[in-house]
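Visitor: only the shape, not the letters, is given here:
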(Lines give C-alpha, C1' and ligand atoms only; values in the text may rest on other atoms or scores of the structure.)
Protein backbone atom coordinates (compact mmCIF):
# COMPACT_ATOMS: atom_id res chain seq x y z
CA UNK A 1 0.00 0.00 0.00
CA UNK A 2 1.48 3.41 -0.93
CA UNK A 3 2.02 6.06 1.71
CA UNK A 4 -0.07 9.09 0.63
CA UNK A 5 0.62 12.64 1.87
CA UNK A 6 -0.79 16.05 1.07
CA UNK A 7 2.65 17.66 0.81
CA UNK A 8 5.61 16.75 -1.44
CA UNK A 9 8.89 15.80 0.23
CA UNK A 10 11.56 18.48 0.64
CA UNK A 11 13.89 16.64 -1.78
CA UNK A 12 11.51 14.62 -3.98
CA UNK A 13 14.14 12.80 -6.06
CA UNK A 14 17.42 13.45 -4.28
CA UNK A 15 19.78 16.20 -5.39
CA UNK A 16 17.94 17.94 -8.19
CA UNK A 17 20.28 20.51 -9.71
CA UNK A 18 20.29 21.28 -13.40
CA UNK A 19 23.56 20.60 -15.20
CA UNK A 20 24.79 23.70 -17.07
CA UNK A 21 27.62 24.16 -19.53
CA UNK A 22 29.09 27.33 -20.99
CA UNK A 23 26.67 28.57 -23.65
CA UNK A 24 27.78 29.42 -27.14
CA UNK A 25 27.23 32.20 -27.99
CA UNK A 26 26.67 34.13 -24.79
CA UNK A 27 28.04 33.85 -21.29
CA UNK A 28 27.17 32.32 -17.96
CA UNK A 29 27.70 34.38 -14.82
CA UNK A 30 27.58 32.66 -11.44
CA UNK A 31 28.84 32.52 -7.87
CA UNK A 32 30.31 29.23 -6.65
CA UNK A 33 28.60 27.60 -3.64
CA UNK A 34 30.80 24.49 -3.29
CA UNK A 35 34.14 24.63 -1.45
CA UNK A 36 35.92 22.78 -4.24
CA UNK A 37 35.36 21.26 -7.63
CA UNK A 38 35.37 17.55 -8.35
CA UNK A 39 35.98 15.75 -11.60
CA UNK A 40 36.50 12.45 -13.31
CA UNK A 41 37.28 10.97 -16.71
CA UNK A 42 34.14 10.85 -18.86
CA UNK A 43 33.04 9.61 -22.28
CA UNK A 44 30.51 10.98 -24.74
CA UNK A 45 28.72 7.68 -25.29
CA UNK A 46 25.18 6.94 -26.53
CA UNK A 47 24.55 10.67 -27.03
CA UNK A 48 25.38 11.71 -23.44
CA UNK A 49 28.31 12.30 -21.10
CA UNK A 50 28.89 9.36 -18.76
CA UNK A 51 31.65 8.63 -16.22
CA UNK A 52 34.48 6.30 -17.23
CA UNK A 53 34.08 3.21 -15.05
CA UNK A 54 37.25 1.11 -15.16
CA UNK A 55 38.06 -1.72 -15.33
CA UNK A 56 34.93 -2.84 -17.25
CA UNK A 57 33.91 0.45 -18.86
CA UNK A 58 31.55 -0.17 -21.80
CA UNK A 59 32.63 3.09 -23.52
CA UNK A 60 36.32 2.14 -23.23
CA UNK A 61 35.51 -1.34 -24.58
CA UNK A 62 33.74 0.28 -27.56
CA UNK A 63 36.85 2.38 -28.29
CA UNK A 64 35.56 5.77 -27.14
CA UNK A 65 38.19 8.25 -25.96
CA UNK A 66 37.81 9.95 -22.59
CA UNK A 67 38.17 13.50 -21.33
CA UNK A 68 38.23 14.83 -17.82
CA UNK A 69 35.22 16.92 -16.79
CA UNK A 70 35.02 18.96 -13.61
CA UNK A 71 31.92 19.97 -11.69
CA UNK A 72 31.02 22.55 -9.05
CA UNK A 73 27.82 24.08 -7.74
CA UNK A 74 26.96 27.70 -8.34
CA UNK A 75 24.13 30.23 -8.30
CA UNK A 76 23.20 31.98 -11.54
CA UNK A 77 23.53 35.72 -10.89
CA UNK A 78 20.58 36.63 -13.15
CA UNK A 79 18.05 33.89 -12.33
CA UNK A 80 19.25 32.89 -8.80
CA UNK A 81 19.01 29.23 -9.88
CA UNK A 82 21.32 26.84 -8.00
CA UNK A 83 22.97 24.58 -10.60
CA UNK A 84 25.86 22.23 -11.37
CA UNK A 85 28.47 23.69 -13.70
CA UNK A 86 30.38 21.32 -15.98
CA UNK A 87 33.78 22.23 -17.42
CA UNK A 88 36.74 20.64 -19.17
CA UNK A 89 40.18 20.30 -17.59
CA UNK A 90 41.49 23.33 -19.48
CA UNK A 91 38.61 25.54 -18.33
CA UNK A 92 38.96 24.27 -14.74
CA UNK A 93 42.44 25.79 -14.42
CA UNK A 94 40.92 29.21 -13.59
CA UNK A 95 39.13 27.67 -10.60
CA UNK A 96 42.26 25.79 -9.50
CA UNK A 97 44.27 29.04 -9.53
CA UNK A 98 41.50 30.83 -7.61
CA UNK A 99 41.38 28.04 -5.00
CA UNK A 100 45.15 28.23 -4.51
CA UNK A 101 44.92 31.99 -3.84
CA UNK A 102 41.75 31.92 -1.68
CA UNK A 103 41.86 28.42 -0.07
CA UNK A 104 38.42 27.37 -1.39
CA UNK A 105 35.91 28.32 -4.08
CA UNK A 106 32.90 29.48 -2.03
CA UNK A 107 32.00 32.99 -3.17
CA UNK A 108 34.08 32.84 -6.36
CA UNK A 109 32.22 34.97 -8.92
CA UNK A 110 32.86 33.69 -12.42
CA UNK A 111 32.05 34.50 -15.99
CA UNK A 112 32.27 31.66 -18.52
CA UNK A 113 32.11 32.25 -22.25
CA UNK A 114 33.37 30.66 -25.43
CA UNK A 115 35.87 32.19 -27.81
CA UNK A 116 34.04 33.19 -30.95
CA UNK A 117 30.41 32.40 -31.55
CA UNK A 118 30.75 28.61 -31.82
CA UNK A 119 28.87 26.17 -29.57
CA UNK A 120 32.02 24.10 -29.10
CA UNK A 121 34.62 26.89 -28.96
CA UNK A 122 37.27 27.05 -26.26
CA UNK A 123 35.90 28.13 -22.87
CA UNK A 124 37.40 31.12 -21.08
CA UNK A 125 36.60 31.54 -17.38
CA UNK A 126 37.30 34.72 -15.41
CA UNK A 127 37.15 34.54 -11.60
CA UNK A 128 37.03 37.16 -8.87
CA UNK A 129 36.06 37.22 -5.18
CA UNK A 130 32.58 38.22 -4.03
CA UNK A 131 31.78 40.13 -0.84
CA UNK A 132 29.93 37.40 1.05
CA UNK A 133 28.69 39.88 3.68
CA UNK A 134 26.32 41.22 0.99
CA UNK A 135 25.07 37.84 -0.33
CA UNK A 136 23.51 34.75 1.27
CA UNK A 137 24.49 31.70 -0.75
CA UNK A 138 22.56 28.42 -0.59
CA UNK A 139 24.14 25.43 1.12
CA UNK A 140 26.51 23.49 -1.13
CA UNK A 141 25.09 20.18 -2.34
CA UNK A 142 26.88 16.85 -2.16
CA UNK A 143 28.41 17.00 -5.65
CA UNK A 144 29.05 13.26 -5.95
CA UNK A 145 25.47 12.44 -4.92
CA UNK A 146 24.13 15.01 -7.43
CA UNK A 147 26.24 13.49 -10.23
CA UNK A 148 25.24 9.97 -9.18
CA UNK A 149 21.61 11.10 -9.56
CA UNK A 150 22.26 12.54 -13.04
CA UNK A 151 24.22 9.44 -14.15
CA UNK A 152 21.71 6.97 -12.62
CA UNK A 153 24.24 5.52 -10.20
CA UNK A 154 22.28 3.85 -7.37
CA UNK A 155 22.37 5.78 -4.08
CA UNK A 156 23.73 2.74 -2.13
CA UNK A 157 26.87 3.06 -4.28
CA UNK A 158 27.62 6.47 -2.68
CA UNK A 159 29.19 6.43 0.80
CA UNK A 160 28.70 8.92 3.66
CA UNK A 161 31.47 11.21 2.37
CA UNK A 162 29.78 11.35 -1.03
CA UNK A 163 32.36 9.13 -2.76
CA UNK A 164 31.50 6.22 -4.99
CA UNK A 165 32.11 2.85 -3.33
CA UNK A 166 34.34 0.17 -4.83
CA UNK A 167 35.59 2.33 -7.70
CA UNK A 168 39.28 1.98 -8.59
CA UNK A 169 41.30 5.14 -8.01
CA UNK A 170 42.25 6.70 -11.31
CA UNK A 171 44.96 9.27 -11.80
CA UNK A 172 45.65 11.34 -14.89
CA UNK A 173 49.21 11.74 -16.14
CA UNK A 174 49.34 15.12 -17.94
CA UNK A 175 51.55 14.74 -20.99
CA UNK A 176 52.80 17.50 -23.32
CA UNK A 177 50.53 18.06 -26.30
CA UNK A 178 47.34 17.20 -24.43
CA UNK A 179 47.57 13.41 -24.86
CA UNK A 180 46.92 12.54 -21.23
CA UNK A 181 47.10 8.98 -19.96
CA UNK A 182 44.84 7.29 -17.45
CA UNK A 183 46.86 5.60 -14.75
CA UNK A 184 44.64 2.97 -13.14
CA UNK A 185 45.49 1.92 -9.63
CA UNK A 186 44.30 -1.28 -8.03
CA UNK A 187 43.25 0.31 -4.76
CA UNK A 188 39.58 1.12 -4.34
CA UNK A 189 37.94 3.94 -2.47
CA UNK A 190 35.23 2.93 -0.03
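Guide: On my side now, so go ahead. Please read these numbers as outputs of a predicted model, since none were measured by experiment. Numbering: from 1, shown residues only.

Visitor: the most centrally placed residue in the chain: helix or strand, and which one exactly?
Guide: Among the residues of the chain, the one closest to the centroid is residue 71, at 1.6 Å (Cα atoms, centre = their mean). Assigned by DSSP states H and E, residue 71 belongs to strand 67-76.

Visitor: next helix or strand past that strand?
Guide: Of the helices and strands lying after strand 67-76 in sequence (DSSP H and E), the nearest is strand 82-88.

Visitor: mind listing what that next one pairs with, with the direction of each?
Guide: Here strand 82-88 is paired, per DSSP bridges, with strand 18-20 (parallel), strand 67-76 (antiparallel).

Visitor: helices along this protein, start to end?
Guide: Ranges of helices in the chain, per DSSP state H, are 58-61, 89-102, 143-150.

Visitor: and the ones you listed: which comes nearest residue 17?
Guide: Of all these, it is helix 143-150 that lies closest to residue 17, at 5.4 Å by Cβ to Cβ. Yep, even glycine has a C-beta here, placed from its N, CA and C like the rest.

Visitor: tell me which other helices or strands the closest one touches.
Guide: strand 38-45, strand 67-76, strand 82-88 (3 or more Cβ pairs under 8 Å, 6 or more residues apart in numbering; DSSP states H and E).

Visitor: ok, residues contacting the last one?
Guide: Among residues not part of strand 82-88, those counted as contacts by Cβ atoms under 8 Å, 6 or more residues apart in numbering are 17-22, 28, 30, 33, 37, 49, 67-76, 95, 112, 123, 125, 138, 141, 143, 146-147, 150.

Visitor: same check on stretch 37-49?
Guide: Residues outside stretch 37-49 that contact it (Cβ under 8 Å, 6+ apart): 50-52, 57-60, 62, 64-72, 86-87, 89, 92, 95-96, 99, 105, 143-144, 147, 170, 172, 182.
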